[in-house]
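In: here is a sequence together with a model predicted from it:
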Amino acid sequence: MVSPLVAAARLQTRANAFRLASRSSRFYSTKPQSLKERLAELIPKEKENVKAIRTEYGAKALGQVTVDQLYGGMRGLPALIWDGSVLDANEGIRFRGKTIPECQDLLPKADGGAEPLPEALFWLLVTGEVPTAEQTKAISAEWAARAELPKFVEELIDRCPPTLHPMSQFSVAVTALNHDSAFAKAYQNGIPKAEYWGPIYEDCMDLIAKLPAIAGRIYRNVYGDGKLPAIDATKDYAWNLSHLLGFSDKEAFVELMRLYIVIHSDHEGGNVSAHTGKLVGSALSDPFLSYAAALDGLAGPLHGLANQEVLLWVMKMRSKVGENPSDQDIKDYIWSTLKSGQVVPGYGHAVLRKTDPRYMAQRAFALKHLPEDPLFKLVGQIYNIAPGILLEAGKAKNPWPNVDAHSGILLTYYGLDQMQFYTVLFGVSRAFGVAAQLIWDRALGAPLERPKSYSSEAIKKMFVGK
């Protein structure tokens, strides 16, 4: 028979063990789940979801393809799966179902900051979920730890002549990162198809992490003394980008970068840069090669270069009409632009039929931080006048401003007035959406893209006499 003292001792031992286990359990449960861990949980569920959609709706038609769509650049042709964002003609962009104002409200922010952190937006793009502040900080720390460039890539950028366009330098550097691609090595070693997403994920995290160092090095080489500060592992992604560019002492500029990256991160899969990244990735090119190709598309004047075109046009207007123009001065200048056969840059959009919510987010930022800036006031005047003129002239189905109508003015205000560099910042941002989709394409086993093409003669033969 056990004595009362021994029994009491055993009970105490069990109680202590229970408390220890409880503390351990509580500690484990509060450890933030990593993005990769969460993604690994979501992939099997999403595979089943896609299977169910194809089983139930696979034979359904999304629309009729017309000859005009083939000749018109496939405008509006439903042909891609893109999970990160969907663009509604009247509502604007939604990131995983969330509008820009909702993202600004829901996504974690930096201590003392008001704009959402790009790290949180990437988590949302990948998982469809809003991360915690701890999970967001973990991404910041991971990207800072991955940010260092290989020495040969630094030397490659340094050897580029300053006369080479910053976007060309950017593309060269991203291409060169292919040297250390985890996916390229894994593929050569015969990795099973179901496991492709793992090394693709690692490459995408490396890609995004290293972009500020590439952008900063290009900027300092072309416009500065070539000397770069170190990444600060305690800071967030946009702060480090601003720091490498030489603007981290301006907290409002850092806030602008947080907003800028978020609103430029993704815009459906049909735009040139997003589609190019997806297309090249479908050939199982690694994320570095895929995104370098996307950057080459982004560099075009009909895509990422548009914000530079807007700023040039506004600057020319200001030199013509002065610092405090009347509304009639603005009207006359816009009409002169249209009558000369040119477009009003920054107005109209291929899909949108309302003012771009990304424009409105930047306008709200300007009203908060630089309401008296003369250039911002001029942009505001144009915003009030241009749509009416464009409607009267019949020049645009959507006469409202898009994202490019505002971004250059904000960057100029804070001293980043080197317009040729603007598309590089766009390139840093757009990697978020492209990378998120590349991860899911490989996780779900998306096939090689191979649409059917026809010659003009073949088109005529199809319909002649019918």
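Out: Done, it's in.
In: if I look at the spatially most central residue of the chain, how far off is residue 258?
Out: Geometric centre of the chain, nearest residue: residue 265, 1.6 Å, by CA atoms, centre = their mean. Applying CB to CB, to the nearest Å, the value for residue 265 to residue 258 is 11 Å. Any C-beta I mention is one placed from the backbone N, CA and C, and that applies to glycine too.
In: quick one: common contacting residues for these two?
Out: residue 118 (CB atoms under 8 Å, 6 or more residues apart in numbering).
In: hmm, back to that, so what's the residue nearest to the centre of the chain up against?
Out: By CB under 8 Å, 6+ apart, the contact set of residue 265 is 95, 118, 121, 122, 125, 429, 430, 432, 433.
In: helix or strand: which one has the fifth one?
Out: Taking DSSP states H and E as the criterion, residue 125 maps to helix 118-127.
In: tell me what the helix or strand following that helix is packed against?
Out: Counting by DSSP H and E, the next helix or strand C-terminal to helix 118-127 is helix 133-146. Here helix 133-146 is seen to pack against helix 35-57, helix 118-127, helix 197-223, helix 237-245 when contacts are counted using 3 or more CB pairs under 8 Å, 6 or more residues apart in numbering; DSSP states H and E.
In: which outside residues touch stretch 281-297?
Out: With CB under 8 Å, 6+ apart as the test, stretch 281-297 has contacts from 167, 170-172, 174-178, 181, 183-184, 187, 196, 200, 203-204, 207, 272-280, 303, 427, 430-431, 434-435, 438, 441-442, 446-449.
In: low-confidence ranges in this protein?
Out: Scanning the chain for pLDDT under 70 picks out the ranges 1-30, 395-396.
In: now do 80
Out: 1-30, 348-353, 395-397, 466 (pLDDT under 80).
In: where do the strands sit along it?
Out: Secondary structure of the chain (DSSP state E): strands located at 85-88, 92-95.
In: what comes up buried for stretch 382-396?
Out: 382, 383, 385, 386, 387, 389, 390, 396 (16 or more other CB atoms under 10 Å).
In: likewise for stretch 316-335?
Out: Quick answer for stretch 316-335 (16+ other CB under 10 Å): 317, 321, 325, 329, 330, 331, 333, 334.
In: then stretch 113-121?
Out: Quick answer for stretch 113-121 (16+ other CB under 10 Å): 113, 115, 116, 117, 118, 119, 120, 121.
In: so how far is residue 238 from the closest residue in space to the last one that isn't next to it in sequence?
Out: Taking CB to CB, 6 or more residues apart in numbering as the measure, residue 121 lies nearest to residue 262, with 4.8 Å between them; neighbours along the chain are not counted. Counting by CB to CB, the separation of residue 262 from residue 238 is 9 Å.
In: now the buried members of the contacts of residue 265.
Out: Buried, going by 16+ other CB under 10 Å: 95, 118, 121, 122, 125, 429, 430, 432, 433, out of these.
In: and the residues you listed as CSV, adding distance to residue 362?
Out: Below are the buried ones among the contacts of residue 265 laid out as CSV (distance: CB to CB, whole Å):
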residue, distance to residue 362
95, 16
118, 16
121, 16
122, 20
125, 20
429, 13
430, 16
432, 18
433, 18
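In: what's the burial count for residue 302?
Out: 10 (other CB atoms under 10 Å).
In: what's the neighbour count on the closest residue to it other than its chain neighbours?
Out: Take residue 302 and drop its neighbours on the chain: the residue closest to it by CB to CB, 6+ apart is residue 272, 7.7 Å away. By other CB under 10 Å, the residues close to residue 272 number 17.
In: if we can go back for a sec, out of the helices and strands packed on helix 133-146, which gets nearest to residue 422?
Out: helix 197-223 (11.1 Å; CB to CB).
In: which residues in the stretch 201-350 of the chain form helices?
Out: 237-245, 251-264, 272-282, 287-298, 306-321, 327-339 (DSSP state H, counting those that start in this stretch).
In: which stretch among these comes nearest residue 215?
Out: Residue 215 lies closest, by CB to CB, to one member of the helices of the stretch 201-350 of the chain: helix 237-245, at 6.7 Å.
In: what's the angle from that closest one to helix 197-223?
Out: Interaxial angle of helix 237-245 relative to helix 197-223 (axes from the mean of the first three to the mean of the last three CA atoms, to 10 degrees): 30 degrees.
In: list the contacts of helix 237-245.
Out: Taking CB under 8 Å, 6+ apart as the rule, helix 237-245 contacts 110, 117-119, 139-140, 143-144, 147, 211-213, 215-217, 219-220, 228-229, 231-232, 235, 248, 250, 253-254, 257-258, 261, 416, 428.
In: same question for stretch 139-147.
Out: By CB under 8 Å, 6+ apart, stretch 139-147 touches 35, 117, 119-120, 122-123, 131, 205-206, 208-210, 212-213, 231-233, 235-237, 240.
In: same check, this time on stretch 360-370
Out: 100-101, 104, 115, 252, 255-256, 259, 263, 373, 376, 380, 383, 403, 406-407, 409-410, 413.
In: alpha carbons of it, in CSV - could you do that?
Out: What follows is stretch 360-370, C-alpha atoms only, in CSV (Å, rounded to 0.1, in the frame of the first residue of the first chain):
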residue,chain,number,x,y,z
MET,A,360,-7.0,57.1,-56.0
ALA,A,361,-4.7,55.5,-53.4
GLN,A,362,-1.8,57.7,-54.6
ARG,A,363,-4.0,60.8,-54.6
ALA,A,364,-5.1,60.1,-51.0
PHE,A,365,-1.4,59.8,-50.1
ALA,A,366,-0.6,63.1,-51.8
LEU,A,367,-3.4,64.9,-50.1
LYS,A,368,-2.1,63.7,-46.8
HIS,A,369,1.6,64.3,-47.3
LEU,A,370,2.1,67.0,-50.0
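In: list the buried ones in that stretch?
Out: In stretch 360-370, residues buried by neighbour count (16+ other CB under 10 Å) are 360, 361, 362, 363, 365, 366, 369, 370.
In: equivalent analysis for stretch 63-75, please.
Out: By neighbour count on 16+ other CB under 10 Å, the buried set for stretch 63-75 is residue 70.
In: repeat that for stretch 91-106.
Out: For stretch 91-106, burial by neighbour count (16+ other CB under 10 Å) applies to 92, 93, 94, 95, 96, 98, 99, 100, 103, 104.
In: residue 88 is in contact with the third one, correct?
Out: Right, residue 94. Yes: counting by CB atoms under 8 Å, residue 94 touches residue 88, with 7.0 Å between them.
In: ok, residue 119 - contacts?
Out: 131, 136, 137, 139, 140, 143, 236, 237.
In: how does it look with 6 Å?
Out: 136, 139, 140, 237 (CB atoms under 6 Å, 6 or more residues apart in numbering).
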